[in-house]
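>>> Sequence first, then the predicted structure, then my questions.
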Amino acid sequence: MRMNPLGRSGLMVSELCLGTMTFGTQTPEQESHAQIDLALEGGINFVDTAEMYPVNPVKAETIGRTEEIIGAWLGKNANRRGDMILATKHSGEGLQSVRNGAPISSQTIPEAIEGSLRRLQTDYIDLYQFHWPNRGSYMFRKNWIFDPSSQNKSETLAHIEDALEALQKQVDKGNIRHFGLSNDSAWGTAQWLRVSEDRGWPRVVSMQNEYSLLCRLYDTDLAELSVNEQVGLIAYSPLATGLLTGKYQNGAVPEGSRLSLNADLSGRMSANAVSAVDVYLAIARKYHIDPVHMALAWCRTRVFMASAIFGATRLAQLDHALRAAHVELSAECITELDLAHKAHPMPY
């Protein structure tokens, strides 16, 4: 599997990343550990989690369980910690199950990091990310209207200084190695970069945002920032929560699937999305490519991509997805995918 630079961190990450948000709900611990084993054997060296996981659903009583499951694997495989670049996330404001919904600050950062280290049974976190910004996010299907009413520039800049100084202390302690953002914007990322460079504090090395054939918001302003500032995209939902596999077409709801637990896939399931997926499935058939492999291989072609995160409820799904690392798309196929996007932009 090819390796890509993670921003300016000096780390090289596999172009596919193992997502773990179902570990502890849809995926039991034993199978979760088997997934880590298989991913590492398949060439993946990058594993992503978050303190709020697992999801489907997010519940107060399961917060942190995914990190605990990964930690149990690390506890049994301490000699393999160096084989894994481990990323986790600090929950943002509003999630009441974590620190009563407190915003990210110099007060919450040490507590959150110590909690993650304890659950993960590790001495350091390779990539520490802020799950969503304090000022609000235009991800999560909130991208249709710009609403600055909850934003205050001076407060945002003061928060960035406060948080970066706290992160520097964690770097100095050896608790974290590098810092990344998630669900943020071009303007927001630019401010983090500017303050970090002015003060010599941790520089953003990556952005974890939603990105797939069905969701290409990243392709303009953020893509330009990524390339020029060396902030690599870590794409989440590259299969559009399973829509691009085709398994939900014609009203199908497979037992145990995300759609069986989340009736509208958090706003992604729509007639427009189903129509767009039909077009992408037709392209996959034309070029004799499995649709899962096509969606993941397309992400690998993007110049700003550091890694694409995919999750698998079951081991067989992981084994199937790993084969995407060996699939190369022709120029003709990529052109047709771009034309499909122009015909069906942002279907959810």
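Nice, thanks for sending it over. Everything numeric in this text was worked out from a predicted model, so none of it was measured.

>>> partners of the nearest residue to Val13 once chain neighbours are set aside in the sheet?
Nearest residue to Val13, sequence neighbours excluded (CB to CB, 6 or more residues apart in numbering): Phe46, at 4.3 Å. (C-beta placed from N, C-alpha, C; glycine too.) Beta-bridge pairing of Phe46 under DSSP bridges involves Ile85.

>>> Touching, Phe46 and Ile85? I think so.
Yes. Between Phe46 and Ile85 there is a contact under CB atoms under 8 Å: 4.9 Å.

>>> So which of these two has more stuff around it?
Phe46 (29 against 23; other CB atoms under 10 Å).

>>> on that earlier part again, pull up the per-residue confidence for the residue nearest to Val13.
Phe46 carries a pLDDT score of 98 in this model.

>>> quick one: the helices in the stretch 101-250 of the chain?
Assigned by DSSP state H, counting those that start in this stretch, the stretch 101-250 of the chain shows helices spanning 108-120, 153-173, 186-199, 221-229.

>>> Report the rounded mean pLDDT for the longest one.
Averaged across helix 153-173, pLDDT comes to 98.

>>> related to what we said a few turns ago, overlap in contacts of Phe46 and Ile85?
Jointly contacting Phe46 and Ile85 under the rule CB atoms under 8 Å, 6 or more residues apart in numbering are Val13.

>>> quick one, which of the helices of the stretch 101-250 of the chain is packed in tightest?
Burial of the helices of the stretch 101-250 of the chain is given as mean neighbour count (mean count of other CB atoms under 10 Å); helix 108-120 ranks first at a mean of 19.

>>> Output the contacting helices and strands for that one.
Contacts defined by 3 or more CB pairs under 8 Å, 6 or more residues apart in numbering; DSSP states H and E place helix 108-120 against helix 65-76, strand 85-90, strand 125-130, helix 153-173.

>>> Contacts only, for the residue nearest to Val13.
Taking CB under 8 Å, 6+ apart, we find Phe46 in contact with 13-14, 16-18, 84-85, 87, 307.

>>> Name the nearest residue to Asn143, sequence neighbours excluded.
Leu217 (6.0 Å).

>>> just Arg177 next, same as before
Using CB to CB, 6+ apart and skipping residues adjacent in sequence, the residue nearest Arg177 is Asp126, 5.1 Å away.

>>> isn't that neighbour right next to Leu11, touching?
Yes. With contacts counted by CB under 8 Å, Asp126 reaches Leu11, the gap being 6.7 Å.

>>> what's the overlap in contacts for those two?
85, 177-178.

>>> hmm, what's the outermost residue in this protein?
Lys286 (29.8 Å; CA atoms, centre = their mean).

>>> Quick one: residues contacting it.
Counting by CB under 8 Å, 6+ apart, Lys286 has contacts Glu336.
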